[in-house]
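Visitor: quick one, what's the 3D model for this:
(one chain, ligands or ions: 1)
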Amino acid sequence: MTSATQTIELKDWRLSPEQIPPTVEPQFDADERDTLRERIKQQLKAQDAVMVAHYYTDPDLQQLADETGGHVSDSLDMARFGHDASEQTLVVCGVRFMGETAKILNPEKRVLMPDLEANCSLDIGCPPDEFAAFCDAHPDRTVVVYANTSAAVKARADWMVTSGSAIDVVRHLQARGEKIIWAPDKYLGEYVQKETGADMLLWQGSCVVHEEFKGIELADLKRQHPEARVLVHPESPASVVEQADVVGSTSALIKAVHEIDAPEFIVATDRGIFHRMQQAAPGKRLIEAPTAGKSATCKSCAHCPWMAMNSLDKLAHVLETGAGEIYVTPDIIERARRPIERLLEFTAARNQQVLGNNDA
Ligand code: SF4
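Guide: Purely as a prediction, here's the structure:
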């Protein structure tokens, strides 16, 4: 192993505070909301468009997607829904890699997003050129990337995985004797490595939302709520994951709230998911896992600043103007499709349900 390789391996891709925008949640009064909803509904019909929204987006958007025949889910399921939909325009409410994945799987369709600045710290923290250099330095390893990456990074990968499929794919590769490069989320990578024992070289990226959940404060909160079950997304640090009753993707956590017989749940993922959880299990109490509090170090405070960029007014604007279209070059589409389709074929062969079983 060369010293140049070590330098690449050891780099911490955590974003600086200046790279993280403030979380600004959309605020509309009832009249504004009604007007915007009507404008959007008219445009969806007029433009042969359908909404697909992520669980972390504003509840108004999730509700509108439900009401207009759209879909609310996780990123891969959003893309697959878009593929099956008859509409020619997909309006993706989420973050940029979700729009790109929708475009990769549906290149013949127009893909719009309310705000093209809506990114993801995992995507930002895995620049394609640096990542390619990292892969080039380890040619003996199979490249496995998480869904939360740019189209260009996916184009350099052998496999794309989701949080719901990562362990199975890595076990499969391990059984074939393959060594792995994993990117970009180090916490999810550590979790998968611990579960599988696979030989994984981990890119050092992180999610600004999940990284802020705190193990010591979570233990305190559990003592205050002894009946609560703890649900944790595996992008969280190990000190949080190890206290979980359920570790899983967004869809798995929603399912857990519905199925587990408990009155309270402490939830360590973006609180945008509470809207769907409340629908799935009305009457159950949902408590945010601690992020050290707004007066302390938390920057996102359990809500993704980029997901919060999606709003009714921006959605109306892009539908009315055609702004916010996602473009991916044909060359990248062709190469990025391969790792995604490999995952789809792998899960289909195992008769697994990919839909609703992954995350971003
Ligand atoms: S919650 Fe984290 S992983 Fe999800 S989009 Fe935001 S920064 Fe990315």
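Visitor: what's the helix or strand for residue 144?
Guide: Element membership for residue 144 (DSSP states H and E) is strand 141-146.
Visitor: could you tell me how far that strand lies from the centre of the chain?
Guide: What separates the centre of strand 141-146 from the centre of its chain is 17 Å, taken as Cα atoms, centre = their mean, to the nearest Å.
Visitor: tell me what angle the longest helix along the chain forms with strand 141-146.
Guide: Criterion DSSP state H: the longest helix present in the chain is helix 330-349. On the basis of axes from the mean of the first three to the mean of the last three Cα atoms, to 10 degrees, helix 330-349 is oriented at 90 degrees to strand 141-146.
Visitor: buried residues, helix 330-349. List them.
Guide: By neighbour count on 16 or more other Cβ atoms under 10 Å, the buried set for helix 330-349 is 332-333, 335-337, 339-340, 342-344, 346-347. In this view, the C-beta of every residue, glycine as well, is placed from N, C-alpha and C.
Visitor: which ones among these also lie next to the ligand?
Guide: Filtering those for proximity to the ligand by Cβ under 6 Å from any ligand atom leaves nothing.
Visitor: now the residues you listed in CSV, with pLDDT?
Guide: Output for those, formatted as CSV (pLDDT from 0 to 100):
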residue, pLDDT
332, 98
333, 98
335, 98
336, 98
337, 96
339, 96
340, 92
342, 94
343, 90
344, 83
346, 90
347, 81
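Visitor: quick one: secondary structure of residue 283?
Guide: Of the three states, residue 283 takes coil under DSSP: H, G, I helix; E, B strand; the rest coil.
Visitor: how many residues are close by it?
Guide: 6 (other Cβ atoms under 10 Å).
Visitor: confidence score at it?
Guide: On the pLDDT scale, residue 283 is placed at 93.
Visitor: please shift the residue numbers so they start at 797 in all later answers.
Guide: Understood, numbering begins at 797; the last thing we discussed is residue 1079.
Visitor: before we move on, back to that, which residues are contacting the strand holding residue 940?
Guide: 918, 922, 931, 949-950, 952-959, 962, 965-966, 969, 974-981, 984, 997, 1135 (Cβ atoms under 8 Å, 6 or more residues apart in numbering).
Visitor: give me the pLDDT value at residue 813.
Guide: 88.
Visitor: residue 1032: which of the buried residues of helix 1126-1145 is nearest?
Guide: Closest approach to residue 1032 among the buried residues of helix 1126-1145 (Cβ to Cβ): residue 1139, at 22.8 Å.
Visitor: surely that closest one touches residue 961?
Guide: Yes. Here residue 1139 reaches residue 961: they are 6.1 Å apart, a contact under Cβ atoms under 8 Å.
Visitor: just the buried ones among the contacts of strand 937-942, please.
Guide: Neighbour-count burial (16+ other Cβ under 10 Å) applied to these gives 918, 922, 931, 949-950, 952-959, 962, 965-966, 969, 974, 976-981, 984, 997, 1135.
Visitor: which of those residues fall within strands?
Guide: Secondary structure assignment (DSSP state E) places 955-957, 976-979, 997 from those within strands.
Visitor: ok now stretch 861-875, how far from the chain's centre?
Guide: Computed by Cα atoms, centre = their mean, the chain-centroid distance of stretch 861-875 equals 14 Å.
Visitor: do stretch 1027-1045 as well
Guide: Computed by Cα atoms, centre = their mean, the chain-centroid distance of stretch 1027-1045 equals 15 Å.
Visitor: tell me the mean pLDDT over that stretch?
Guide: In this model, stretch 1027-1045 has a mean pLDDT of 97.
Visitor: how about stretch 932-948?
Guide: What stretch 932-948 shows for mean pLDDT is 97.
Visitor: now do it: distance from first to last residue.
Guide: 15 Å (Cα to Cα, to the nearest Å).
Visitor: give the buried residues for that stretch.
Guide: Residues of stretch 932-948 classed as buried: 933-934, 937-948 (neighbour count, 16+ other Cβ under 10 Å).
Visitor: tell me the one of the ones in strands among the buried ones among the contacts of strand 937-942 nearest residue 1123?
Guide: residue 956 (19.9 Å).
Visitor: ok, that closest one touching residue 1141?
Guide: No. With contacts defined as Cβ under 8 Å, residue 956 does not count as touching residue 1141, sitting 11.8 Å away.
Visitor: and residue 1031, how close does it get to residue 1068?
Guide: 14 Å (Cβ to Cβ, to the nearest Å).
Visitor: those two: who's more crowded?
Guide: Neighbours were counted for residue 1031 and for residue 1068 using other Cβ under 10 Å; residue 1031 has more, 30 against 25.
Visitor: and the residue nearest to the more buried one when sequence neighbours are not counted, how many neighbours does it have?
Guide: Leaving aside its sequence neighbours, residue 1031 sits nearest to residue 1006 (Cβ to Cβ, 6 or more residues apart in numbering; 3.8 Å). Applying other Cβ under 10 Å, we find 28 residues neighbouring residue 1006.
Visitor: which pLDDT value belongs to residue 1006?
Guide: Looking at residue 1006, its pLDDT is 95.
Visitor: what sits against it?
Guide: Contacts for residue 1006 were tallied using Cβ under 8 Å, 6+ apart; they are 983, 1029, 1031-1033, 1064-1065.
Visitor: what about residue 1082, which SS state?
Guide: What three-state DSSP gives for residue 1082 is strand.
Visitor: you'd agree it is up against residue 1049?
Guide: No. The criterion here is Cβ under 8 Å, and residue 1082 misses it with residue 1049 at 10.5 Å.
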